[in-house]
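J.: requesting a structural model of the entry that follows:
(one chain, ligands or ions: 1)
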Amino acid sequence: MYQFRFNLKFLFPAVVLSMVFVYAITPVTAKDATPAVKNYAVFNENGKLQRPTGYREWIYIGSPLTPNDMNDGKAAFPEFHNVYIDPISWTHWKVSGKFPDDTIIVKELVNVGSKEAVSGNGYFQGEFIGLEAMVKNKQLFPEAPGHWGFFRFTIEGSRQLHKRASAQDHENCASCHQSHAATDLVFTQYYPVLRAGKAAGDTGTGGM
Ligand code: HEC
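T.: Here you go, the predicted structure:
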């Protein structure tokens with residue numbers, strides 16, 4: 001009898017402890033990792049897109065650069081473009097190889113700073129100078145190619161950004177993307193992360 005009571009007293013904490021241990025070592029699945037936030041693209045009642053601010057926590061997909069001095073001194077877009085996609089759409093892309101409704105891709109503009117480092121000559125990022133985005137939304141952009149809306153928060157010559165932005169006219173942005181981008185108006189040809197992640201499955205890394 002004494003033996004039995006003794007066991008129980010120690011058994012309970014042991015069970016609780018082992019449960020905590022099993023929980024702690026259970027691997028986090030993609031589903032668990034999916035953030036609670038549903039809409040990364042937030043529109044106000046006038047259909048203006050609120051400036052995305054949380055993209056540093058999204059998936060970074062690349063930094064294209066077309067510098068002035070490789071384009072007769074006047075590139076159309078001479079700054080670095082740091083590009084991010086929201087995490088839900090990234091997970092979707094990995095599973096289906098498609099950009100779902102509500103996809104938002106943000107392009108942060110950073111000018112060319114130093115052109116030399118101890119490692120050699122090159123192009124190094126300077127200062128933040130702008131922000132643009134594209135959002136896929138069938139309801140808001142029923143007629144647009146791919147249902148993408150394009151937005152510009154940059155205030156030329158200023159280090160400030162607009163708090164919200166209206167969708168751009170087709171000729172300003174979408175027409176070029178529609179004619180030249182590899183996948184659904186997105187220039188996937190310049191993002192190894194997107195190419196590696198495309199339909200790679202839930203466990204795809206977006207890399208080697
Ligand atoms: C002359 C063609 C052209 C025009 C016009 C253009 N873009 Fe792009 N855009 C590109 C190219 C090429 C890339 C990828 C390489 C780069 O960033 O330089 C790109 C990249 C982007 C990206 C990152 C996703 C992607 O598809 O690579 C966003 C977001 C974007 N542009 C938004 C805009 C917005 C907003 C406008 C209009 C204000 C615009 N673009 C006008 C050619 C264009």
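J.: give me every residue that touches the residue nearest to the spatial centre of the chain.
T.: The centroid of the chain falls nearest to Ile85 when counting by C-alpha atoms, centre = their mean (1.8 Å). Residues near Ile85 by C-beta atoms under 8 Å, 6 or more residues apart in numbering: 58-59, 61, 93, 103-106, 194. The C-beta positions use only the backbone N, C-alpha and C, and glycine is treated the same way.
J.: interface residues of this protein facing the ligand?
T.: Within the chain, the positions lying close to the ligand (C-beta under 6 Å from any ligand atom) are 64, 66, 76-77, 81, 83, 105, 107, 132-134, 150-152, 168, 172-173, 176-177, 181, 186-187, 190.
J.: drop anything exposed from the residues you listed.
T.: Among the residues of the chain next to the ligand, those scoring as buried are 81, 83, 105, 107, 132-134, 150-152, 173, 177, 181, 186-187, 190 (criterion: 16 or more other C-beta atoms under 10 Å).
J.: re the thing from before, for the residue nearest to the centre of the chain, give its distance to Gln125.
T.: 20 Å (C-beta to C-beta, to the nearest Å).
J.: where does this structure dip in pLDDT?
T.: 1-38 (pLDDT under 70).
J.: all strands for this protein, in order.
T.: Counting by DSSP state E, the chain has strands at residues 49-50, 59-62, 80-85, 104-112, 116-117, 120-121, 125-136, 148-152, 164-165.
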